[in-house]
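Trainee: model this:
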Amino acid sequence: MKRGEPKPAYYPVSLNIRGRKCVVVGGGEVARRKVRALLEHGAKVTVISPELGPELVQLAEHGEITALNREYQAGDLKDSFVAIAATDDGDTNRQVVREAKNKAVLVNVVDDAENSDFIVPSFLRRGDVTIAVATAGRSPALARKIRARLEEKFGEEYAALALLLDEVRTELKKRGITVGGDDWQAALDLDKLIELLSKGEKEKARVLILSKLKAR
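Mentor: Numbering: from 1, shown residues only. You can find the predicted model right below:
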């Protein structure tokens, strides 16, 4: 990004990386965290670094990742979907960025949002419910702080609610009933539904949703 240009207005998006090749260049603690997150989302991960931390070595030995114990080389991003440059060597990171752009691979350079196609938000997950917090790369610490505060407010009941709503939507579709977005919003009495699900009263929650939808 040239001097004086405004910072990017990032478009929030969730990527499906299951089964896709994702390359992490680097073998330290930051690389370890990135690898863990990619594996949690089903990616096929390749790590490239002359030195690997203990956990990355263990993951490689168990066949959970592919490890190339050497310096990054041109061509290492072949068939990749995402690349993450997580080294403390600027020249290597720039080499990764150049190849990624030439091959239309999405690239993230850790702590260098200006040379990245995307930034990774701080996020929390409750089942299929994901809440992400980003600050356009200005303050990852603030993003983590906000996420920590949200973690206190969003329990596993939200995961149960997402599953229940999916069941209700599927049931209504089978019956040929179409429900608009505004009607769903009006039917979602979150406080009451979360209260019921926290007590394990799933059927009462289902009845409540259906009754409010019927009223609409």
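
Trainee: now for the helix ranked longest in the chain, which elements pack on it?
Mentor: Longest among the helix segments of the chain by residue count, using DSSP state H, is helix 157-174. Other helices and strands packing on helix 157-174, by 3 or more C-beta pairs under 8 Å, 6 or more residues apart in numbering; DSSP states H and E, are strand 122-126, strand 129-133, helix 190-198, helix 202-215. From N, CA and C alone the C-beta is placed, and that goes for glycine too.

Trainee: restricting the selection to alpha carbons, write it to CSV.
Mentor: Taking Å, rounded to 0.1, in the frame of the first residue of the first chain, the C-alpha atoms of helix 157-174 are listed here in CSV:
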residue,chain,number,x,y,z
GLU,A,157,-26.5,-22.8,24.6
TYR,A,158,-26.0,-20.8,21.4
ALA,A,159,-24.6,-23.9,19.7
ALA,A,160,-27.7,-25.8,20.8
LEU,A,161,-29.9,-23.0,19.5
ALA,A,162,-28.3,-23.0,16.1
LEU,A,163,-28.9,-26.8,15.7
LEU,A,164,-32.5,-26.4,16.9
LEU,A,165,-33.2,-23.6,14.4
ASP,A,166,-31.7,-25.7,11.6
GLU,A,167,-34.1,-28.6,12.6
VAL,A,168,-37.1,-26.2,12.6
ARG,A,169,-36.1,-24.7,9.2
THR,A,170,-35.8,-28.2,7.7
GLU,A,171,-39.1,-29.3,9.2
LEU,A,172,-40.9,-26.2,7.8
LYS,A,173,-39.3,-26.7,4.3
LYS,A,174,-40.5,-30.3,4.2
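
Trainee: which residues belonging to that helix are considered buried?
Mentor: For helix 157-174, the buried set under the neighbour-count rule, 16 or more other C-beta atoms under 10 Å, comprises 157-161, 164-165, 168.

Trainee: nearest to residue 13, of the helices and strands packed on helix 157-174?
Mentor: strand 129-133 (10.0 Å; C-beta to C-beta).

Trainee: immediately after the closest one, which helix or strand?
Mentor: The helix or strand immediately downstream of strand 129-133 is helix 140-153, counting by DSSP states H and E.

Trainee: roughly how far out does that next one sit from the chain middle?
Mentor: Helix 140-153 has its C-alpha centroid displaced from the chain centroid by 15 Å (C-alpha atoms, centre = their mean, to the nearest Å).

Trainee: check which helices and strands it is in contact with.
Mentor: Applying 3+ C-beta pairs under 8 Å, 6+ apart, we find helix 140-153 packed against strand 122-126, strand 129-133.

Trainee: quick check: mean pLDDT of that helix?
Mentor: Averaged over helix 140-153, pLDDT sits at 95.

Trainee: run through who's touching that helix.
Mentor: 121-124, 131, 133-135 (C-beta atoms under 8 Å, 6 or more residues apart in numbering).
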